[in-house]
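K.L.:
compute the structure for the input listed below.
(one chain, ligands or ions: 1)
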Amino acid sequence: MRSFMGRDILSLKDFERSEFFRLFEVALEMDEIARSRKNTDLLKEKTLVTAFYQPSTRTRLAHEAAMHRLGGHVTGFSDAKMTRAGDWYQESIKDTVHMLEYYGDAIVMRHFQQGAPAEAAKWASVPIINAGDGWGEHPTQVLTDLYTIWNELGTIDGLTFLCIGDMRMRTMHSISYALTQFDTQVYYVSPPEMSLTDDFKKELDAKNLVYHEADHVADVIDKADVIYMEPVVQPDYTKARQEASADKGMTPDNYKVTRQLLKEKAKPDSIILHSLPRMDELPPDVDGTRHARYWEEAFNGVVMRMSILASVLGATE
Ligand code: CP
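P.N.:
Sure thing, here's the model as predicted:
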């Protein structure tokens, strides 16, 4: 297994099976710290730089909370418009990260351009963590999600996943790459214009992922151990920011998971993950069912970021 020390976390495409379990094991140790709401001094000498060129609630604050729990420091920006990258100068990623690498020991970057964190990694001497790049990938979210499943169900192997939403979405790319390392099968349900692209299917075929496509959640929900959801009503992830129109639209029933549907068709022990924010695809009354695990997922968002930061900053070796 490759060491995590000093490593960029850009994609799950080349993650090895053993590397998932290593981060899960470290996360288990971190769980105790986060759950007791205490801070340690594991990263007291380290600083995390946050470079967010796109809005975020969870990903940025979970990384910041994780760094605080580990006794480290945080600096950075959450509104690129107030930096030289977002004003008249339109400063390049190269020049920006050449600055940021002197301000901290790791950089977590969200960007509207696919590949921007990989570009940053070319120029930075400190680890770059991809916090979501356009439609590209969202590796730390999916590591959080897989850790949640492993923690809740005790395994990832042997499970059937139902992925519902926009298959252009970065989480859908990262989870599909990740699942190629496990003995799983996946049912994808999406609107036709948001379905798996031919190029992406070729990649999944080359990695031997067993998957199927279906039109309606109701046709396949009975097969799922894990119901993995994203909105189909959502902004354009290739834009820095998008305001909502007066009529955002509603989610068709094909892509919704309701309390009624769960009662009538889902496996009794199936679990629902949703990285949030949600629209109407997951009504709030599902929160009170035994299937909901998205609040555990949210807590684990801090735990997994603690695991990643401690690992790339060399505190676990
Ligand atoms: N799930 C997720 O990436 O949330 P944020 O956009 O709030 O970071």
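K.L.:
which bits of the chain sit near the ligand?
P.N.:
Residues of the chain lying close to the ligand (CB under 6 Å from any ligand atom) are 56-59, 132, 141, 275-276. C-beta coordinates here come from the backbone N, C-alpha and C atoms, glycine included.
K.L.:
among those, which one sits closest to G72?
P.N.:
Proximity of the residues of the chain next to the ligand to G72, judged by CB to CB, is greatest for T59, which lies at 17.0 Å.
K.L.:
please report the distance of the closest one from I156.
P.N.:
Applying CB to CB, to the nearest Å, one obtains 22 Å for the distance of T59 from I156.
K.L.:
please apply the same query to K122.
P.N.:
In this structure, K122 and I156 are 32 Å apart, going by CB to CB.
K.L.:
so which residues of this structure form helices?
P.N.:
17-35, 58-69, 93-100, 116-123, 139-153, 170-179, 198-206, 217-220, 259-265, 294-312 (DSSP state H).
K.L.:
any chance of TSV for those helices, columns mean neighbour count and mean pLDDT?
P.N.:
Shown next, in TSV, are the helices of the chain (neighbours: other CB atoms under 10 Å; pLDDT from 0 to 100):
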stretch	mean neighbour count	mean pLDDT
helix 17-35	18	98
helix 58-69	22	98
helix 93-100	18	97
helix 116-123	20	98
helix 139-153	24	98
helix 170-179	24	98
helix 198-206	12	98
helix 217-220	18	98
helix 259-265	14	98
helix 294-312	24	98
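K.L.:
got TSV for those helices, with distance to R110 too?
P.N.:
Putting those into TSV (distance: least, CB to CB, whole Å) gives the following:
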stretch	distance to R110
helix 17-35	20
helix 58-69	6
helix 93-100	13
helix 116-123	8
helix 139-153	10
helix 170-179	10
helix 198-206	21
helix 217-220	29
helix 259-265	32
helix 294-312	13
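K.L.:
what sits against K38?
P.N.:
Remark: with contacts taken as CB atoms under 8 Å, 6 or more residues apart in numbering, K38 is in contact with R69.
K.L.:
excluding its backbone neighbours, what's nearest the single nearest residue of the stretch 201-317 of the chain relative to the ligand?
P.N.:
Scanning the stretch 201-317 of the chain for the residue nearest the ligand gives S275, at 3.6 Å (criterion: CB to the nearest ligand atom). In space, S275 comes closest to Q141 once its chain neighbours are excluded; the distance is 5.1 Å by CB to CB, 6 or more residues apart in numbering.
K.L.:
how close does the one you found sit to T258?
P.N.:
When CB to CB is the yardstick, Q141 and T258 sit 24 Å from each other.
K.L.:
same thing with K201?
P.N.:
On the measure of CB to CB, K201 and T258 end up 29 Å apart.
K.L.:
same question for T47.
P.N.:
Counting by CB to CB, the separation of T47 from T258 is 45 Å.
K.L.:
hang on, the earlier thing: which ones are touching the residue of the stretch 201-317 of the chain closest to the ligand?
P.N.:
By CB under 8 Å, 6+ apart, the contact list for S275 reads 58, 138, 141, 144-145, 171, 230, 294, 297.
K.L.:
again, only this time at 7 Å
P.N.:
By CB atoms under 7 Å, 6 or more residues apart in numbering, the contact list for S275 reads 141, 145, 171, 297.
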